[in-house]
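**Q** Okay, sequence plus prediction incoming.
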Amino acid sequence: MEFWSFPPAYDDRYLPDAASRYWFPRRETMPAPEREKAILARLQELTRYAYRNAPFYRRKWDEAGFHPDKLKTLEDFEGKVPVITKADLRDAQTRAPMFGDYLCVAESEIHHIHGTSGTTGRPTSFGIGRGDWRSIANAHARIMWGMGIRPGDTVFIAAIFSLYMGSWGTLAGSERLHCKSFPFGAGAPGMTARAAMWLANFKPDAFYGTPSFALHLAEVARAEGFEPRDFGLKLLFFSGEPGASVAGVRDRIREAYNARVIDCGSMAEMSPFMNVAGSEQSDEGMLCWQDVIYTEVCDPKTFLRVPYGQRGTPVYTHLERTSQPMIRLLSGDLTLWVNEPNPCGRTYPRLPHGIFGRIDDVITIRGENVYPSEIDAALNQLSDYGGEHRIIITRELAMDELLVRVEAAPGVFERGTHAIAGMQREAGQRLQKVLGLRAVIEIVPPGTFPRTDFKARRVVDDREVFRQMREKLVP
């Protein structure tokens, strides 16, 4: 397999032939059983390395009765190596500030520090070594090549440059790919209108951001007198939230920009985020680039791998990271995977519908499990959808109620009550079909809900408020 060693030793000058579909033809198209033998050898190296250098793994594996010398098959890895969670990482960093006792290199080797925001507890810090940063750049460049991005292309990065890793990984990859990198950023007041101006003037080849921001940008661009199709984009690729694999959302973005849409995904802890990503030919769903990060889709209760064709939660393992290697990190997301021929010719498993969302984001209403992404998909297929909505769960007496407030497109309210009622009826029918339960639909005027240039937050669960009020009223 091309240039595959541990630690990685990539030639930073290497570029494939311009006519090649593949960055590493052998690695990307080899028979899966042959690749799995190479992955097993890498896992044997990785677990020995982590056991020797990280008290975190040594302690956890000793408690589970696992030792790297026992790793003889992939089934051993999946059945004997315990999963780790974000809570485990936070605990490790409490014990050993700042990077936890799973840091496998000297702190002097750290080149970049990133992390989570810490809005729900102690922030998790990521210490990324110099060698790892080069590996990240090479992995991003390779997968961006698979999307069809080439040296000299302009890559417009419209995401926040802060602790968030997606922006930095895209920048590192585009620089390694010898692109014209355009780190525009996001988040400051007025930046969306300025983004439209820069896109209109520079006409970049590729755009990176979140699906929510791309749709918001299209609205703002038109309000500023620009037509998004005239930006000349060939490709938009996304991460940070479900959407780019959701048919309704994906199709709206394609229509707005007249460009291909590619979904990417992972976890900040895994970085590079593009370890599951579509390609130029496989642009619906995401490929599992197994020789970058080994991905298992597992039963959320047993953490054992589920057969292809079934749903489960991704469990990720770094194959090229030496500073803070994640080994069987539980994602908490939900997906479905398949192992079938891919249009691009790569022999990786595939997530045909991308990531559905987080398992703990599921809404249980009257015994039915509802994922917000399913509601997003249904509403984005409405002809008069205005681009935003809110999902509100309330409780009337003992019964859960699902209220969906849907923004109408400009002009709907001007057409009168008949048009509003028609949109309300269509939305209700679509949600009934998708969810299998009745929802109360309220149509609201355009601009009712704020837009975002990062992850959209659309769910409001008022049931706890109802419970607290009821406890005060009932002795």
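**A** Sure thing, it's come through. Residues are numbered from 1 along each chain as shown.
**Q** Report pLDDT for R467.
**A** Note for R467: predicted pLDDT of 46.
**Q** The chain should start at 57 in everything you say after this.
**A** Will do, 57 is the new start, and the previous item becomes R523.
**Q** Provide the count of other residues in contact range of E336.
**A** Counted with other CB atoms under 10 Å, the neighbours of E336 add up to 17. (Glycine included, C-beta is placed from N, CA and C.)
**Q** Surely it touches F293?
**A** No. Contact criterion CB atoms under 8 Å: E336 and F293 do not qualify, at 10.7 Å.
**Q** Can you pull the residues that touch both of the two?
**A** Common neighbours of E336 and F293, using CB atoms under 8 Å, 6 or more residues apart in numbering, are 203, 318.
**Q** Who's the closest spatial neighbour of Q149, skipping the chain neighbours?
**A** G156 (4.2 Å; CB to CB, 6 or more residues apart in numbering).
**Q** Surely that neighbour and D144 touch.
**A** No. Counting by CB under 8 Å, D144 is not a contact partner of G156; they are 9.1 Å apart.
**Q** residues making contact with the longest strand anywhere in the chain?
**A** As assigned by DSSP state E, the longest strand anywhere in the chain is strand 441-452. Under the contact criterion CB under 8 Å, 6+ apart, strand 441-452 has outside partners 271-272, 275, 419, 421, 428, 431-432, 435, 456-466, 468, 502, 504-505, 507, 512, 514-519, 522-523.
**Q** Quick check: buried residues in that strand?
**A** By neighbour count with 16 or more other CB atoms under 10 Å, strand 441-452 contains the buried residues 441-451.
**Q** The residues you listed: which two are farthest apart?
**A** Greatest spacing in the buried residues of strand 441-452, by CB to CB: G443 and R451 (28.8 Å).
**Q** can I see the domain layout of the chain?
**A** The record's domain parsing of the chain by automatic domain parsing lists 57-412, 418-529.
**Q** ok, then the element right after the longest strand of the chain?
**A** Remark: after strand 441-452, the chain's next helix or strand is strand 455-464, criterion DSSP states H and E.
**Q** A434 belongs to a helix, doesn't it?
**A** Yes. Per DSSP: H, G, I helix; E, B strand; the rest coil, A434 lies within a helix segment.
**Q** name the helices or strands packed onto whichever strand or helix holds W224?
**A** Counting by DSSP H and E, the element that carries W224 is helix 221-232. Applying 3 or more CB pairs under 8 Å, 6 or more residues apart in numbering; DSSP states H and E, we find helix 221-232 packed against strand 166-171, helix 186-203, strand 210-213, strand 236-238, strand 262-265.
**Q** what residues does it touch?
**A** By CB under 8 Å, 6+ apart, the list of residues contacting helix 221-232 reads 68, 168, 170, 182, 189, 192-197, 199-200, 205, 211, 213, 215-217, 237, 239, 241, 264, 295-296, 324, 327-330.
**Q** so where do the helices sit in the stretch 307-456 of the chain?
**A** Using DSSP state H, counting those that start in this stretch, the helices of the stretch 307-456 of the chain run over residues 428-435.
**Q** where does it dip in pLDDT?
**A** 328-329, 422-423, 451-455 (pLDDT under 70).
**Q** what's the answer for the stretch 157-306 of the chain, then?
**A** In the stretch 157-306 of the chain, residues with pLDDT under 70: 173-177.
**Q** Run through the strands of the stretch 57-206 of the chain in chain order.
**A** Under the criterion DSSP state E, counting those that start in this stretch, the stretch 57-206 of the chain contains strands at 166-171, 181-185.
**Q** ah, wrong one, I meant the stretch 307-456 of the chain
**A** Along the stretch 307-456 of the chain, counting by DSSP E, counting those that start in this stretch, strands occupy 316-321, 332-333, 342-344, 349-354, 367-374, 385-386, 389-392, 406-407, 411-414, 419-421, 424-426, 441-452, 455-464.
**Q** Quick check: neighbours of the fifth one in the sheet, parallel or antiparallel?
**A** Going back to what we said before, that points to strand 367-374. strand 349-354 (antiparallel), strand 385-386 (antiparallel), strand 389-392 (antiparallel) (DSSP bridges).
**Q** who's in contact with the last one?
**A** By CB under 8 Å, 6+ apart, the list of residues contacting strand 389-392 from outside reads 321, 353, 356, 365-370, 407-415, 418, 427.
**Q** Excluding chain neighbours, give the residue nearest to D517 in space.
**A** I449 is the one closest to D517 (CB to CB, 6+ apart), at 4.7 Å.
**Q** any idea how far that neighbour is from F80?
**A** 47 Å (CB to CB, to the nearest Å).
**Q** name the helices or strands packed onto the longest helix seen in the chain?
**A** Ranked by number of residues, the top helix in the chain under DSSP state H is helix 88-109. Using 3+ CB pairs under 8 Å, 6+ apart, the elements in contact with helix 88-109 are helix 111-120, helix 130-136, strand 367-374.
**Q** would you turn the ones you listed into a markdown table with mean neighbour count?
**A** What follows is these, written out as a markdown table (neighbours: other CB atoms under 10 Å):
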| stretch | mean neighbour count |
| --- | --- |
| helix 111-120 | 17 |
| helix 130-136 | 16 |
| strand 367-374 | 23 |
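**Q** Make CSV out of those and add distance to A252.
**A** Output for these, formatted as CSV (distance: least, CB to CB, whole Å):
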stretch, distance to A252
helix 111-120, 46
helix 130-136, 47
strand 367-374, 35
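**Q** Now do the same contact list for T141.
**A** 385-386 are the contacts of T141 under CB under 8 Å, 6+ apart.
**Q** if you compare the strands of the stretch 57-206 of the chain, which one is most tucked away?
**A** strand 181-185 (a mean of 22; mean count of other CB atoms under 10 Å).
**Q** now that strand: how far from the chain's centre is it?
**A** The chain centroid and the centroid of strand 181-185 are separated by 20 Å, computed with CA atoms, centre = their mean, to the nearest Å.
**Q** Run through the neighbouring helices and strands of that strand.
**A** By 3+ CB pairs under 8 Å, 6+ apart, strand 181-185 packs against strand 166-171.
**Q** List the pairing partners of the strand it packs on within its sheet, with orientation.
**A** Each strand paired with strand 166-171, and its direction, by DSSP bridges: strand 181-185 (antiparallel).
**Q** Check P531 and give its pLDDT.
**A** 43.
**Q** try D518
**A** For D518, pLDDT reads 66.
**Q** now do G492
**A** For G492, pLDDT reads 79.
**Q** Name all residues that make contact with Y264.
**A** Counting by CB under 8 Å, 6+ apart, Y264 has contacts 211-215, 222-223, 226, 292-295.
**Q** try 6 Å this time
**A** The contact partners of Y264, by CB atoms under 6 Å, 6 or more residues apart in numbering, come to 213, 226, 293.
**Q** and of the strands of the stretch 57-206 of the chain, who's closest to R114?
**A** Here strand 181-185 is closest among those (CB to CB), at 18.8 Å.
**Q** now the angle from the closest one to helix 186-203?
**A** 90 degrees (axes from the mean of the first three to the mean of the last three CA atoms, to 10 degrees).
**Q** The closest residue to H374 other than its chain neighbours - how many residues pack around it?
**A** Excluding the flanking residues, the one nearest H374 by CB to CB, 6+ apart is P381, at 4.6 Å. By other CB under 10 Å, 22 other residues sit near P381.
**Q** phi, psi of P381?
**A** phi -70, psi 130 (degrees, to the nearest 10).
**Q** wait, it sits on T373?
**A** No. Using CB atoms under 6 Å, P381 is not in contact with T373; the gap is 8.0 Å.
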